[in-house]
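Peer 1: Need coordinates for the below:
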Amino acid sequence: MTSGERKLHSVALNLEAAQYLAGWRPQAGTLFLPALSEGRVHDEVAVRLGIFGQTIRATLFGTISLVRRVGRPSLPPGIELAVERVSLPAARFLALAARGENVSFRERAPRYVTERRFLLTRDGGERETTTTNLSEGGCAVTWSGPLPMVGEVVSIKMAERLFPSTARAVVCWNTVGGPLERCVGLRIIAEGRAARAWKSVAAEVAQSGAKPA
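Peer 2: Numbers count the residues shown, from 1 in each chain. Model (predicted):
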């Protein structure tokens, strides 16, 4: 992580329905999480969140807007997460589920089946990988060797381009076996030139006639 990048925290939580609803502020777009009290305001967060008694899960992204380091039983330590705009539908979906409503939700943007080569850097080592599907928000890539942990941050370089751009990405899921044997899901968290380059790649795929994933 360079000095100009904010720290990215990752956490997986299961909350009681009442606990989620008490911490969710739909008008402000914020959610209290009883975790990461060691974080700092403006740090980025990726949280895989579930509701006890429900099989559904959603991944929320945002930044820390408040930290409570010391609490008490009615006010536990934790953070207030300012949920980013693209994650607000997932946060609302979880609120509906917490209230016991029958809901269906597609967490991801439209994805397309495509094989694109990328160079991926992890722990200082570089490897070539190929996508199995791709969207404006991220991609699924083939993987060899030990799978990375959910929440791990990697760098992805668009190897096909004349002047390659490098973007940060966070691991959203990993899997071994089945039709997606040894695959990893990456969510792009780039800004500026790298974000524009990724969106350009996604637009090319969408316009190419590739089949929906």
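Peer 1: Who are the packing partners of the lengthiest strand in the chain?
Peer 2: Longest strand of the chain, by residue count under DSSP state E: strand 57-68. Helices and strands touching strand 57-68, by 3 or more CB pairs under 8 Å, 6 or more residues apart in numbering; DSSP states H and E, are strand 30-33, strand 44-51, strand 78-83, helix 88-98. (Each C-beta comes from the backbone N, C-alpha and C, glycine too.)
Peer 1: if we go to 7 Å?
Peer 2: When contacts are defined as 3 or more CB pairs under 7 Å, 6 or more residues apart in numbering; DSSP states H and E, strand 57-68 packs onto strand 44-51, strand 78-83, helix 88-98.
Peer 1: Just the C-alpha atoms of the first one, please, in CSV.
Peer 2: Taking Å, rounded to 0.1, in the frame of the first residue of the first chain, the C-alpha atoms of strand 44-51 are listed here in CSV:
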residue,chain,number,x,y,z
GLU,A,44,-12.1,1.7,3.2
VAL,A,45,-14.1,-1.4,4.2
ALA,A,46,-15.3,-4.5,2.4
VAL,A,47,-17.8,-6.5,4.5
ARG,A,48,-19.4,-9.8,3.7
LEU,A,49,-22.6,-9.6,5.6
GLY,A,50,-25.3,-12.1,6.6
ILE,A,51,-28.4,-12.1,8.8
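Peer 1: Quick check: buried residues in that strand?
Peer 2: By neighbour count on 16 or more other CB atoms under 10 Å, the buried set for strand 44-51 is E44, V45, A46, V47, R48, L49, G50, I51.
Peer 1: again with the longest one
Peer 2: Of the residues in helix 88-98, those scored as buried under the neighbour-count criterion (16+ other CB under 10 Å) are A90, A91, R92, F93, L94, A95, A97, A98.
Peer 1: and of the residues you listed, the nearest to I64?
Peer 2: Ranked by distance to I64 (CB to CB), those are led by A91 at 15.3 Å.
Peer 1: Next SSE downstream of the lowest-mean-pLDDT helix or strand in the chain?
Peer 2: Lowest by mean pLDDT, DSSP states H and E among the helices and strands of the chain is strand 166-175, with a mean of 83. Next in sequence after strand 166-175, counting helices and strands by DSSP states H and E, comes strand 183-188.
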